[in-house]
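**Student:** Take this sequence and fold it.
(one chain, ligands or ions: 2)
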Amino acid sequence: PKTIYLKDYTPAPYLAKQVNLSFNLLPGKTIVTSSVDYVKNPAGVSSDLVLDGEDQTVISVALNGQPFEDYTIADGQMTIVNPGHAFSLTIVSEIHPEANTALEGLYQSQGNYCTQCEAEGFRRITYYQDRPDVLSVFTVRIEADALAYPVMLSNGNLQEEGMLADGRHFRVWHDPFPKPCYLFALVAGDLERVADTFTTMTGRKVDLHIYVRAGDEGQCSHAMASLKKSMQWDEEVYGREYQLDLFNIVAVSDFNMGAMENTSLNVFNTALVLAHQETATDSDFMSVEGVIGHEYFHNWTGNRVTCRDWFQLSLKEGFTVFRDQEFSADMNSRAVLRIDDVNTLRRLQFSEDGSPLAHAVQPDQFIEISNFYTKTIYDKGAELIRMQHTLLGAETFRKATDLYFDRFDGQAVTCDDFVQCMADASGRDLSQFFRWYKQAGTPSLQVSSHYDASHQRYTLTFKQSQPDTPEQTNKQPLHIPVAVGLLDAFGQELLPTRVLEVTEREQTFTFADMADRPVPSILRGFSAPVKLETDLSDDDLRLLQVYDTDGFNKWEAGQTLALRTIQRVMDQPEADITQFVADIGTLIAQGLSGQGDKALLARALSLPLLGVIAQHQAVIDPAAIDAARTAILIQIKRTHKEALAALYDLNRNSGEFSMTPEAMGRRALQHAVLEILTVTNGTGCAARSKAHYDAADNMTDRVTALACLADSDQPQRAEVFADFYARFKNYPLVVDKWFSLQAIANREQIFEDLAMLRNHADFNIKNPNRVRSLYSAFAINNPVKFHDPSGKGYAFLRDVIIELNTINPQIAARMVTPLREWKRYTPALQAQMQAALEAILATPNLSGDVFEIVSKSLK
Ligand code: HT7
Ligand code: ZN
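**Tutor:** Ligands and ions are numbered 1, 2, ... in the order given. I've put the predicted structure just below:
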């Protein structure tokens, strides 16, 4: 496989003035005719036209209408030497969507046709300059059997339609806005439509259509409401209006990722469209809202202004994640969402940054771009935008984004261009800040405090350091915005949030006129993606946990206390943890008083997940972490059993089901309490979980009951899992949950369970959702059994990666993730993880996707 370097970028040799595509969808094959008007790019350096193409048979080529054979095809590229200044090229080729299991290009999902072109899927449809900086106006004609494929969609507006001979029909779509080919989409099938409209800020009416399989129409109202809210929010917060008269969303069951932002024809994984209280959890509802927003926001950040090359992927993804996070924060509880986002960042992105696959937000090189849709590009990229928002302030940030859209609408640009707009609009020098884009690894920020009573001065000294990562050492200091507030000894706020800008390796900030030693609340709202170490005492943290006005840091203080307690128990199993357990009692009492935000309290009562604790360990021993964590939970349960039971009862479902933030908070709190109450897995625990299941009128409650029963050996476990399957076996997304909830069980017979699930009639290796529901759920969310000393967990994952390698290389490569941090585990586990990686690497015909991830992991 070939490595591609950012430094080698050169502009495309030819511009595509317009693209006409014609699809003849026939049984057993599809004929694609592409006619493109090319003109030489004045900025281009070569005069050869080089087109990318894969997995197709060329039937004919014509240059300016004349048959043409003077081309060569080698290594996935068609080359025409010096074809002239301006010409039209027509290529007819044959493809086989019905045999396409990679789910890139044109493929079939449950008999319906759909496309996935980002990043490099368009080359599986026709020969083209498959790169994001070639923008063109697309006209698309689709022809198919009218009965089997009544719905035929592409980007833009419907221009023409009609019946043909033999029961076939055609439709012509035209998208007047130039776009790169990765945003091209086609859908043809037998689908039902749910319709609504949105009136834009200038009074234009936009038709909104969601297409789903017959029977799923009743599960679209949340997605539709989320779409309308997104359109409104983008107008209000960014002044961005939607430009076309139609916006389509199509839900498909076979999809490699969550969704795709093709201009005016978003294609979604069903998991991120369908939502109903009986089949979707509160967290599913939140994901649907967030991802509908994300794809819609791409209309401006990604589509109208796109990427010059794939090294700039975070230009659109980081910015769009930041936009969807802020949208969700505005629609729900800001502090709760920030907590959840930071938890994900720490668990998944920090671990990526600490692995051999660490890479910069604007990387310098890659082998397979589809491997770079990572937590670093998306979530760390979003943190970089958030920091710029913090440094500039909301108002100037908005001026900068206005400038960005004005300056670059209709163009393909770079992360450097984005940051330049931030600099130009604010008058600030952001050159040091740009290092965040270029340097991989999570920085550490150490803070020490000093109080000088005689001068009534308080100082905070920050020391930053950057870890070495593959191919990067001796990194430069970063420009880090640190939001800080100060509290007095009674919890009163002495100094409201102020942003300190740390730019040196070591830097001290002084606060004058401090009559007493204050307690600092540092990195409020998690204002920078760093590993923070402070010299705060447990008492300081307890004060912050109760009084901090910053919701995130209030929670963070409790988590830091929990991490310290877990470490103490890991070091010394008999350690005295009564103070920590008593603090939890105070939180429970707060819950019993009925005061405070229940969703926040639910998070405060939850100990850090194993994946977060692991980030704080020099050598990871999952079983030891789990033992310490469970021992603490058991002590909490034993000490506060009555109070916890009362808190559970107080938060019982009373009355109508509702999706308000208050109702979701109540459920979250009740579930956090149930998890503690059932931690011992005895008869009483099983009875409690079963009762919770029996009383459920929604999927959130059902899933909680199943999760609390998953590790149990009591008879209720089998009863509840059987009932759940019988009720929901016709709902694939719920069957996914049934697979996952069994795969995460920390119990003796897990490997027999996994074998049973793998051989279950409902398991389908070709469906990514089902594969993830079993294998990712196990490898990511069952760390104790995945890292079983027998090595059976690694073997289970290894075998599916090898099997998927030829079926769906993108999914196979993603499945390698849980093995990549192998060097951080105990020597015995390391050896087994390494052996699993080596076995994969030795597989014949390894795809470039899997090769890149496995070979880099092994370095
Ligand atoms: N921009 C979309 C990326 C995407 C994708 C990438 C590789 C392979 C399959 C894919 N499906 C969607 C999704 C997004 O970030 O909005
Ligand atoms: Zn995106």
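
**Student:** Could you list every helix and strand in contact with the helix or strand hosting F350?
**Tutor:** Assigned by DSSP states H and E, F350 belongs to helix 350-353. Contacting helix 350-353 under the criterion 3 or more C-beta pairs under 8 Å, 6 or more residues apart in numbering; DSSP states H and E is no other helix or strand. Placement of C-beta: from N, CA and C, glycine included.

**Student:** chain center to it: distance?
**Tutor:** 14 Å (C-alpha atoms, centre = their mean, to the nearest Å).

**Student:** ditto for stretch 729-744
**Tutor:** 21 Å.

**Student:** In the protein, which helix is the longest?
**Tutor:** helix 622-650 (DSSP state H).

**Student:** Can you point out the buried residues in that helix?
**Tutor:** 622-626, 628-633, 635-637, 639-640, 643-644, 647-648, 650 (16 or more other C-beta atoms under 10 Å).

**Student:** Could you do stretch 238-247 as well?
**Tutor:** Applying 16+ other C-beta under 10 Å to stretch 238-247 flags Y238, R240, Y242, Q243, L244, L246, F247 as buried.

**Student:** Quick one: residues contacting the residue in the chain that ligand 1 sits nearest to.
**Tutor:** Nearest to ligand 1, among the residues of the chain, is M257, at 3.5 Å (C-beta to the nearest ligand atom). Shown in contact with M257 (C-beta atoms under 8 Å, 6 or more residues apart in numbering): N269, Y373.

**Student:** for ligand 2, what are the nearby residues on the stretch 601-750 of the chain?
**Tutor:** By C-beta under 5 Å from the ion, no residue of the stretch 601-750 of the chain approaches ligand 2.

**Student:** Give me every residue in this protein lying close to ligand 2.
**Tutor:** Residues of the chain lying near ligand 2 by C-beta under 5 Å from the ion: E317, T320.

**Student:** T263 contacts S154, correct?
**Tutor:** No: using C-beta atoms under 8 Å, T263 is not in contact with S154; the gap is 9.7 Å.

**Student:** Could you give me the buried positions within the helix or strand hosting E556?
**Tutor:** Counting by DSSP H and E, the element that carries E556 is helix 551-571. For helix 551-571, the neighbour count (16+ other C-beta under 10 Å) marks 551-563, 565-570 as buried.

**Student:** still on that earlier bit, same drill for T263 and S154, tell me which one is more crowded.
**Tutor:** S154 (29 against 24; other C-beta atoms under 10 Å).

**Student:** next one: phi and psi at that one?
**Tutor:** Torsion angles at S154 (phi, psi; degrees, to the nearest 10) stand at phi -150, psi -170.

**Student:** Read off the pLDDT value for it.
**Tutor:** On pLDDT, S154 comes in at 99.

**Student:** give the contact list for T101.
**Tutor:** Y107, K766, I807, N808 are the contacts of T101 under C-beta under 8 Å, 6+ apart.

**Student:** Please list all residues in contact with the first one.
**Tutor:** Yep, that's Y107 we're talking about. Here Y107 is in contact with P97, N100, T101, Y113, C114, T115, Q116, D254 (C-beta under 8 Å, 6+ apart).

**Student:** The closest residue to the first one other than its chain neighbours: how many residues sit nearby?
**Tutor:** Closest residue in space to P97, ignoring its immediate chain neighbours: L106 at 4.4 Å, by C-beta to C-beta, 6 or more residues apart in numbering. Residues within reach of L106, counting by other C-beta under 10 Å, total 26.

**Student:** just the one 3 residues further on next, same as before
**Tutor:** Under the neighbour criterion other C-beta under 10 Å, S109 is assigned a count of 23.

**Student:** Which strand residues bridge it?
**Tutor:** Assessed by DSSP bridges, S109 has beta-bridge partners N112.

**Student:** What of G162?
**Tutor:** F170.

**Student:** Count the residues that sit near it.
**Tutor:** 8.

**Student:** And for the one 4 residues further on?
**Tutor:** Under the neighbour criterion other C-beta under 10 Å, D166 is assigned a count of 7.

**Student:** Ramachandran angles for it?
**Tutor:** The phi/psi pair for D166 (degrees, to the nearest 10) is phi 60, psi 30.

**Student:** Can you check the pLDDT for it?
**Tutor:** Model confidence at D166 (pLDDT) stands at 97.

**Student:** Distance check, it against A146.
**Tutor:** 9 Å (C-beta to C-beta, to the nearest Å).

**Student:** what's the answer for D424, then?
**Tutor:** 54 Å.

**Student:** Kindly calculate the angle that the helix or strand that the helix holding E556 is followed by makes with helix 551-571.
**Tutor:** Going down the chain from helix 551-571, the next helix or strand is helix 578-592, by DSSP H and E. Put simply, helix 578-592 runs at 140 degrees to helix 551-571, going by axes from the mean of the first three to the mean of the last three C-alpha atoms, to 10 degrees.

**Student:** helices and strands around the helix or strand just after helix 578-592, which ones?
**Tutor:** Note on helix 578-592: by DSSP H and E, the next helix or strand toward the C-terminus is helix 598-604. Packing partners of helix 598-604 (3+ C-beta pairs under 8 Å, 6+ apart): helix 334-344, helix 551-571, helix 578-592, helix 661-677.
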